[in-house]
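>>> sequence? don't have it. structure:
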């Protein structure tokens with residue numbers, strides 16, 4: 001007899017998990033984080049949880065197409081199946097070499113995620129997965145296969161089954177089970193089945209060819225046509241209900257050449273190149289767009305500086321306000337919605353929470369403005385990558401046919417961050433400067449997550465959401481400057497923590513059994529970075545982007561047509577002052593400002609004098625100040641403040657009574673309802689603000705004054721919300737556990753499994769078989785005291801303060817005051833237990 005016995009084959013998923021090492025368990029819990037929330041008490045509970053419907057559905061949704069096809073093939077194979085049988089279903093009778101090479105990897109993925117278990121001679125699919133993927137009349141399988149002969153003949157009369165057996169030339173059997181087995185053996189025998197089909201009429205073969213790839217069900221009348229009668233008499237079509245027949249699985253597999261799928265897809269579709277540019281051109285283009293992104297967000301929040309649009313009752317931005325914002329930013333409404341949502345995701349804009357609730361910039365916006373441009377961009381890009389709010393949905397309808405508004409509810413899609421990250425990861429795999437073809441990216445994503453796409457098909461507004469998220473990710477990355485001309489930029493690559501791809505050899509020296517070309521193998525997606533790694537990646541991205549951003553200018557070019565041209569981005573103080581003194585006429589590579597009487601008056605209202613304006617323009621212009629502009633400033637300044645408006649309700653004061661006479665004689669002043677109180681004073685029934693606007697509309701340049709007679713300086717009042725936190729992303733299931741949590745969870749599961757499976761001595765008669773030990777208080781105390789002296793480990797039943805019962809393996813250290821202090825093997829630490837909460841004890845067996 002050999003001293004080394006071969007380990008017994010696992011009889012359950014729990015036993016298969018028990019045979020795994022810690023690294024394999026960690027891989028399972030990392031790929032299926034829902035299994036660790038909360039941490040299972042032992043491996044049996046872990047196996048039970050891994051077989052629940054919700055967990056299995058989530059795991060199946062994360063399989064790539066070939067792994068899913070492998071699971072579907074296992075669902076139509078025998079239970080258990082051999083690896084050779086599975087290979088036949090996937091590669092067919094001819095043996096596709098690509099399928100043969102890829103199958104071990106796909107089966108390994110199913111085993112790693114505990115969807116399949118068992119050795120190669122006894123492969124099993126988890127029962128719940130088999131129920132989900134196996135074909136039924138209500139839920140046909142993607143394989144297009146129908147039920148087996150055994151399943152289809154389960155309700156058939158014994159006499160009818162014997163007729164089928166006789167019709168195909170087989171001897172009669174003594175019962176229905178053996179008759180069905182004889183038919184199955186015939187249909188799975190390639191030579192005998194080919195001989196039977198050679199006798200079939202051409203019309204009958206045509207019927208089989210229509211059903212072979214599914215759906216396998218068809219309708220027949222009470223008096224079938226001769227071509228159908230020939231098939232029904234030989235069991236090549238079997239009745240399942242009145243008027244309905246089905247093609248048995250074994251017959252279909254013979255006609256298919258043994259393949260479960262018409263088109264196995266062992267290789268991921270390659271991401272094709274649409275264009276190639278020099279990396280320097282890509283980086284420069286992306287940097288230019290990054291600066292435009294910063295300028296657009298600043299312009300948006302500058303427009304909302306004194307209080308933005310009102311918040312709808314249901315939350316969000318009204319369609320009218322979104323249109324106004326789009327006009328102000330000179331972009332389309334979908335693009336305006338993207339910028340608004342991006343500012344919200346970065347924590348730069350929120351609702352102010354007042355009674356008449358409005359959107360406004362947050363205090364974080366002022367801090368953001370003080371940061372260097374590259375760091376400001378990194379903050380926007382990080383917010384975009386992590387956000388689950390999806391601007392592309394704005395303007396659509398939700399499941400209840402309600403309109404989806406920007407900044408409103410219903411825009412969270414938990415898959416959005418993962419899709420964005422994956423799209424950029426695929427771009428990162430291409431050589432630097434290479435832009436990907438959009439359709440090839442979508443095809444790759446469909447291969448990587450086929451079940452989610454199929455589950456979303458034909459479900460109204462959410463149909464094929466993953467493809468739409470990918471398309472939005474590509475366009476938004478270009479808007480934000482993560483990509484340039486469709487290719488991933490250097491700072492975008494750094495933000496992901498990715499490196500430029502190296503030229504890999506065609507064959508991987510990983511092992512002789514792996515025959516897939518390197519460029520055809522499924523590439524694992526980039527893992528999300530840890531906080532420390534993300535900080536390093538962000539700093540690297542900012543360092544790479546900073547030299548590419550244009551330096552702010554300290555000058556403009558004044559022209560004789562009352563315009564100023566800014567040939568590039570301006571320094572902040574210059575841009576702010578020029579924004580008050582002039583109106584923006586056009587934007588682009590160069591910004592054109594126009595000086596008007598209204599804009600000059602605006603600067604004077606802000607407390608600037610004519611000499612201040614002349615000095616400002618002379619200091620910051622590379623060209624001489626044109627004479628028309630100097631005249632405009634002097635003319636507006638001469639008339640500015642000649643009229644004074646105060647509160648009576650309101651009054652107009654002027655030292656020139658002729659000017660007041662002119663105002664009274666003007667028909668346009670009738671609405672102000674003016675009357676003379678004194679030679680130099682007019683009173684109005686309008687408020688001061690309306691009076692100022694009315695007089696300015698008449699062509700005058702009044703100035704507001706205080707109760708003391710001083711000129712009031714009007715500056716824009718920056719409205720800020722109270723401190724706000726950015727919106728939290730909606731997670732797509734439980735978060736992936738980190739290494740520390742995985743190690744602690746595996747240690748606890750192992751310890752709990754040791755407690756539940758440790759061999760024990762036969763329990764006392766008062767113990768419940770298979771449950772917690774039951775002993776009297778005296779017996780418990782005596783056994784624990786003896787274990788302290790001998791150093792033995794004990795199996796105890798324990799009920800905590802919440803009434804939850806558990807079993808533990810402990811090594812008692814001391815007993816005193818009604819408590820036992822012991823090393824708990826289950827928790828891997830020293831704990832103290834009240835004796836009155838111990839239900840009973842039992843000694844562990846010597847082995």
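Received it, and whenever you're ready, just let me know what you need. Small disclaimer: the values here were computed from a predicted structure and weren't measured. Numbers count the residues shown, from 1 in each chain.
>>> which residue of this protein sits farthest from its center?
residue 679 (72.9 Å; Cα atoms, centre = their mean).
>>> residue 686 versus the closest residue to it other than its chain neighbours, what's the distance?
In space, not counting the residues next to it along the chain, residue 679 is nearest to residue 657; the distance is 4.7 Å by Cβ to Cβ, 6 or more residues apart in numbering. All C-beta spots, glycine's among them, are computed from the backbone N, C-alpha and C. Noted for residue 657: a distance of 21 Å to residue 686, by Cβ to Cβ, to the nearest Å.
>>> ditto for residue 240
86 Å.
>>> can you check residue 161 too?
The gap separating residue 161 from residue 686 is 100 Å, by Cβ to Cβ.
>>> kindly report the same for residue 167.
The value you get for residue 167 to residue 686, if Cβ to Cβ is used, is 103 Å.
>>> centroid residue for the protein?
Nearest to the mean C-alpha position of the chain, by Cα atoms, centre = their mean, lies residue 415 at 2.3 Å.
>>> ok, which stretches of the stretch 201-350 of the chain are helices?
Assigned helices in the stretch 201-350 of the chain, in chain order: 202-211, 226-233, 249-255, 279-303, 319-329, 333-345 (criterion: DSSP state H, counting those that start in this stretch).
>>> okay, residue 161 and residue 686: which has more neighbours?
Each of residue 161 and residue 686 has its neighbours counted (other Cβ atoms under 10 Å); residue 161 has more, 24 against 17.
>>> where in the chain is the helix or strand with the lowest mean pLDDT?
Between all helices and strands in the chain, the lowest mean by mean pLDDT, DSSP states H and E belongs to helix 450-456, at a mean of 54.
>>> who are the packing partners of the helix or strand just after it?
Per DSSP states H and E, the first helix or strand lying C-terminal to helix 450-456 is helix 465-480. With contacts taken as 3 or more Cβ pairs under 8 Å, 6 or more residues apart in numbering; DSSP states H and E, helix 465-480 sits against helix 279-303, helix 333-345, helix 373-386, helix 416-429, helix 438-448, helix 450-456, strand 483-484.
>>> make CSV from these and add mean neighbour count to it.
Putting the helices and strands packed on helix 465-480 into CSV (neighbours: other Cβ atoms under 10 Å) gives the following:
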stretch, mean neighbour count
helix 279-303, 20
helix 333-345, 23
helix 373-386, 21
helix 416-429, 21
helix 438-448, 19
helix 450-456, 18
strand 483-484, 28
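>>> turn these into CSV, columns for distance to residue 749.
Formatted as CSV, the helices and strands packed on helix 465-480 follow (distance: least, Cβ to Cβ, whole Å):
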stretch, distance to residue 749
helix 279-303, 47
helix 333-345, 38
helix 373-386, 31
helix 416-429, 27
helix 438-448, 30
helix 450-456, 28
strand 483-484, 43
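>>> now do the contacts for the nearest residue to the residue nearest to the centre of the chain once chain neighbours are set aside.
Closest residue to residue 415 apart from its sequence neighbours, by Cβ to Cβ, 6+ apart: residue 732 at 5.7 Å. Contact analysis of residue 732 by Cβ atoms under 8 Å, 6 or more residues apart in numbering lists 414-415, 417-418.
>>> closest one of those residues to residue 596?
Closest approach to residue 596 among those (Cβ to Cβ): residue 417, at 46.5 Å.
>>> the closest one and residue 423: what is the separation?
Residue 417 sits 11 Å away from residue 423, taking Cβ to Cβ as the criterion.
>>> what do you get for residue 373?
According to Cβ to Cβ, residue 373 and residue 423 sit 25 Å apart.
>>> same question, residue 277
Computed as Cβ to Cβ, the residue 277 to residue 423 distance reads 19 Å.
>>> with residue 735 instead?
With Cβ to Cβ as the criterion, residue 735 and residue 423 are 21 Å apart.
>>> equivalent analysis for residue 207, please.
Counting by Cβ to Cβ - residue 207 and residue 423 are separated by 46 Å.
>>> try residue 18
40 Å.
>>> is residue 674 bridged to anything, and to what?
residue 684 (DSSP bridges).
>>> so who does it touch?
Contacts of residue 674 by Cβ under 8 Å, 6+ apart are 652, 663-664, 682-684.
>>> highest neighbour count among these?
With neighbours taken as other Cβ under 10 Å, the top of these is residue 652, carrying 29 neighbours.
>>> helix or strand: which one has that residue?
strand 650-653.
>>> partners of that strand, with directions?
strand 644-646 (antiparallel), strand 681-684 (antiparallel).
>>> rank those by pLDDT, which is bottom?
Ranked by mean pLDDT, the strands paired with strand 650-653 bottom out at strand 644-646, with a mean of 62.
>>> re earlier: in TSV, list the helices of the stretch 201-350 of the chain along with distance to residue 22 and mean pLDDT.
Below are those laid out as TSV (distance: least, Cβ to Cβ, whole Å; pLDDT from 0 to 100):
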stretch	distance to residue 22	mean pLDDT
helix 202-211	49	91
helix 226-233	56	90
helix 249-255	40	92
helix 279-303	43	92
helix 319-329	53	92
helix 333-345	38	95
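>>> now do the contacts for the nearest residue to residue 726 once chain neighbours are set aside.
Distance criterion Cβ to Cβ, 6+ apart; nearest residue to residue 726, sequence neighbours excluded, is residue 347 at 3.5 Å. Contact analysis of residue 347 by Cβ under 8 Å, 6+ apart lists 362, 364, 383, 724-726.
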